[in-house]
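Student: compute the structure for the input listed below.
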Amino acid sequence: MSPEKTIATLDVSSLAYDERVTAAIVQGLLNRSGPMVFLDYGFYDDPMARRTNEVFMDDDFWYGKYRAMLGNQDQNNLDYYRREHGFNAQPTKNLDELVRQNLLAFKGYVVWDDTQPDSINAAVMLAGLEELIAVSPAREAWVKQFNLPKVHDLRGRWQNRVELYTWAFENLFPRCKKGMLACLEPGWERPEFLDYAVQNSIFIYSLSSTFKGFGATTLLLLAFGPPWLREQLFALRLDGFLKRLALSWMGRKSAEVRFSNRIQSAVEAQPYPTLFGWHTKRDDELTFMLQLSSNGLRLVPSHLAGNFSFHSRVKPLGEFKTDPLPEVKLDPQGIYVTFTLSDGDQLMMMNTAELGNWNSPARGSIPFNWETQPLLAELAPALLERFARTKTANDCLVAGPSGAGYVVPPLAAQFSEYMQATAQTCQKAGINVVTTYVADPPRRVMRQLVKHKGNLLGFLSGYAIVTRAPQELVQGTPVFANEIPQAAHIWDTAEQLLSRLEGLILTANDRPRFIGVHLFAYRTSLDDVAAFFQKHNSEHMHFVRADEFLLLAQQHLKNSSM
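Tutor: As a prediction, this is how the structure comes out:
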């Protein structure tokens, strides 16, 4: 093995939280010069590892369904890098050894304040900007063995998080990488993405995204309210005014929201402002998305996403090519069903081979759509390569909601620019189908969606159905809403979801019939769908990939309009 192919691996699965924070920071600094350090976070058996403000995978699902399927995602990725890229992995005994072997890479250390957990984010930023090791007060004695100078001591510096992030915004934001931002909640105690934040000197904050009341209700109305009202507001172009009013109103009620609005609005478009991370413990996913979309950012969900400082530095083995368009022939009596696995926009899903579904022996036996984060083509091309190189003819990679980064389309500021960036990134990633978050956006948003689609074939819309599920051609482009699930049934078990699908199939009197199914990844797996497929493989029953589905739907709608 050539020297540049030898990497250090370190098992951090049994380390305390503060030690894992330090390990991730060390990893991020060392991986600036190339893929040098790979951490093993082990299995997510601790229930806190599977929790944000709700349990998205409880112990029954974890141990009963997902743990064996997912396996040790870090070891699985490392095996791929060994096999395909020729890396020689050398286990490191402990963090002490890793630091000592690379002591010249560090210029000192910074101590955070345990009584102010958000000071961890300040310490992480300082570590990235000044090449420092960040430690908790309890670990200061440990770091002193390396005879590094203490550059910053953050204990007792700030009274609250707004004061802390005000200082950070004024002093660190101008020095951090342009075009990027990260919202990382120390309270989750999940340090996995810190290595990438350090490696790229990304500005980090953790402030609330909403204040319940008029402002939040207004944003919800614009995204999911009564269709007739949304159409009127968007036709009259009142949506921009209402978004600004809502954000201002929430800021008046909450100092955290006011300052998070200010931070988000300060991120430059390169080409579209990008936010990494996840929401705080004080918020939820939807309110977080309403705010950041309205402020003109896209989200790259990064909770539990480890080793991205490593993934980002591995050069891909080739370019990504879009699959050739399939030849299709419409069955006038056919029932067409396409299945899409949700949440592929999350870096964790990419890092875990789609929660292990990609490793299933059933993969390739049925047509299946895999939501994918197309920004991997820029952020971690060798990780995207693993999917591109091992997919079968039945595997269709589609962009997760709502393209290159997660947004709520009706609220997205500069949505045309977002779609232009999406089209360019998807072409780079070899993807030609996009899933969009809102099933029935206003007509003006639909026109923007297709106007800037570039080489995209069409859109499957709706994480879940709230009101309408339109299936139509918009300026010749198929925009088809998934019919399953309804919003109230996102958390259905696989059995419940597939039973609802069976009901639609049995009552499909008008033919041809097109049914899009958006599978909630934390409840329904590829294996569940494969079992359903075996029971319903009949003459006029067609299970198809997303590209086939959209081409056939396009053909049908054109025929119907003649």
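
Student: report all helices and strands that the host helix or strand of Gln448 contacts.
Tutor: Element membership of Gln448 [criterion: DSSP states H and E] is helix 443-451. In terms of contacts (3 or more CB pairs under 8 Å, 6 or more residues apart in numbering; DSSP states H and E), helix 443-451 is packed against helix 227-235, helix 415-429, strand 471-474, strand 477-481. The way it works is simple: take the backbone N, C-alpha and C, and place the C-beta from them, glycine included.

Student: any idea of the angle that helix forms with helix 415-429?
Tutor: When axes from the mean of the first three to the mean of the last three CA atoms, to 10 degrees is applied, the directions of helix 443-451 and helix 415-429 differ by 30 degrees.

Student: immediately after helix 443-451, which helix or strand?
Tutor: Next element after helix 443-451 (DSSP H and E): strand 458-461.

Student: so what touches that next one?
Tutor: 338, 340, 369, 398, 433-441, 449-450, 453, 477-482, 516, 518, 546, 549-550, 553-554 (CB atoms under 8 Å, 6 or more residues apart in numbering).

Student: Arg262 is in what secondary structure piece?
Tutor: Using DSSP H and E, Arg262 sits within helix 255-265.

Student: ditto for Phe38
Tutor: Assessed by DSSP H and E, Phe38 sits inside strand 37-40.

Student: so how far is that strand off the chain centroid?
Tutor: What separates the centre of strand 37-40 from the centre of its chain is 21 Å, taken as CA atoms, centre = their mean, to the nearest Å.

Student: cool, and stretch 154-173?
Tutor: Worked out by CA atoms, centre = their mean, stretch 154-173 lies 28 Å from the chain centre.

Student: from here on, count from 433
Tutor: Got it, first residue is 433 now, which makes that one stretch 586-605.

Student: end-to-end on that stretch?
Tutor: End-to-end distance of stretch 586-605 (CA to CA, to the nearest Å): 17 Å.

Student: residues in contact with it?
Tutor: Stretch 586-605 is touched from outside by 542-545, 547-548, 550-551, 553-555, 557-558, 561, 569, 635, 637-639, 687-688, 691, 694-695, 698, with contacts defined as CB under 8 Å, 6+ apart.

Student: quick one, what contacts Gln987?
Tutor: Val760, Leu762.

Student: state the pLDDT value of it.
Tutor: The per-residue pLDDT reported for Gln987 equals 96.

Student: looking at the helices and strands packed on helix 875-883, which is buried most?
Tutor: Each of the helices and strands packed on helix 875-883 was given a mean neighbour count from mean count of other CB atoms under 10 Å, and the largest, a mean of 23, is that of strand 909-913.

Student: only the buried subset of the contacts of stretch 586-605, as a ChimeraX command please.
Tutor: Of the contacts of stretch 586-605, the buried ones go into a single ChimeraX selection, burial set by 16 or more other CB atoms under 10 Å:
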select :542,543,544,545,548,550,551,553,554,555,557,558,561,635,637,638,639,687,688,691,695
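
Student: which ones among the contacts of stretch 586-605 are found in helices?
Tutor: Ser551, Asn553, Ala554, Ala555, Met557, Leu558, Leu561, Ala687, Glu688, Phe691, Arg694, Ile695 (DSSP state H).

Student: Val732 against Thr706, yeah?
Tutor: Yes - with contact defined as CB atoms under 8 Å, Val732 reaches Thr706; the gap is 6.1 Å.

Student: and the nearest residue to Arg532 once chain neighbours are set aside, how many neighbours?
Tutor: Counting by CB to CB, 6 or more residues apart in numbering, Arg532 lies nearest to Phe578, which is 6.9 Å off, once chain neighbours are set aside. By other CB atoms under 10 Å, the residues close to Phe578 number 14.

Student: same check, this time on Leu936
Tutor: Using other CB under 10 Å, Leu936 is surrounded by 15 other residues.

Student: so who does it touch?
Tutor: Leu936 makes contact with Glu915, Ile916, Ile947 under the criterion CB under 8 Å, 6+ apart.

Student: in the helix or strand hosting Thr441, what counts as buried?
Tutor: For Thr441, the host element (DSSP H and E) is strand 438-443. Neighbour counts over strand 438-443 (16+ other CB under 10 Å) mark Ile439, Ala440, Thr441, Leu442, Asp443 as buried.

Student: could those residues go into TSV alongside pLDDT?
Tutor: Converted to TSV, these look like this (pLDDT from 0 to 100):
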residue	pLDDT
Ile439	97
Ala440	98
Thr441	98
Leu442	98
Asp443	98
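
Student: make CSV out of those and add distance to Leu613.
Tutor: Shown next, in CSV, are the buried residues of strand 438-443 (distance: CB to CB, whole Å):
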residue, distance to Leu613
Ile439, 29
Ala440, 30
Thr441, 30
Leu442, 28
Asp443, 31
